[in-house]
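Q: Generate a structure from the sequence data that follows.
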Amino acid sequence: MSILGSEAKISLRVYPNATRNEVIGFAEGVLRVKISAPPVKDKANRELLAFLSQLLGISQGALTITKGYTSRNKTIAVNGLSQEELLKRLLHS
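A: The predicted structure is shown next:
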């Protein structure tokens, strides 16, 4: 089985306007992330995707917000990583 065709999903709770970008923790299947950008004109979403791509070591193009585009609760699809690899990278970052 090729990993290239795989797609993992992660549920997030985003806290915009933080002092810095950071992962707060993982609870009840939801990753909690602080983002420094304000939730205005898509700034927080762009900052979130940039932060996650850096954290996971993948390109921003591999990340897609599939649910909750205008909400604090989001689902992100990660192209090219298995669910197991995604969790491993998040928990060891």
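Q: tell me which residues in the longest helix along the chain are buried?
A: Ranked by number of residues, the top helix in the chain under DSSP state H is helix 43-56. For helix 43-56, burial by neighbour count (16 or more other Cβ atoms under 10 Å) applies to 44-45, 47-49, 51-53, 56. Just so you know, the C-beta spots here come from the backbone N, C-alpha and C atoms, and that holds for glycine as well.
Q: Relative to R20, how far out is T66?
A: 26 Å (Cβ to Cβ, to the nearest Å).
Q: I meant T70, not that one.
A: Relative to R20, and taking Cβ to Cβ, T70 is found at 23 Å.
Q: which two of the buried residues of helix 43-56 lie the greatest distance from each other?
A: Distances among the buried residues of helix 43-56 were taken as Cβ to Cβ; the most separated pair is A44 and L56, at 18.1 Å.
Q: residue boundaries of the helices in this protein?
A: Counting by DSSP H, the chain has helices at residues 43-56, 83-91.
Q: Pull the CA coordinates from the longest one and hand them back as PDB.
A: Included here for helix 43-56 are C-alpha records, laid out as PDB according to Å, rounded to 0.1, in the frame of the first residue of the first chain:
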ATOM      1  CA  LYS A  43      -5.600  35.300   8.800                       C
ATOM      2  CA  ALA A  44      -6.000  32.700  11.600                       C
ATOM      3  CA  ASN A  45      -6.700  29.900   9.100                       C
ATOM      4  CA  ARG A  46      -3.700  30.800   7.000                       C
ATOM      5  CA  GLU A  47      -1.500  31.000  10.100                       C
ATOM      6  CA  LEU A  48      -2.900  27.600  11.400                       C
ATOM      7  CA  LEU A  49      -2.100  25.800   8.200                       C
ATOM      8  CA  ALA A  50       1.400  27.300   8.100                       C
ATOM      9  CA  PHE A  51       2.000  26.300  11.700                       C
ATOM     10  CA  LEU A  52       0.700  22.800  11.200                       C
ATOM     11  CA  SER A  53       2.800  22.300   8.000                       C
ATOM     12  CA  GLN A  54       5.900  23.300   9.900                       C
ATOM     13  CA  LEU A  55       5.000  21.100  12.900                       C
ATOM     14  CA  LEU A  56       4.300  18.100  10.700                       C
END
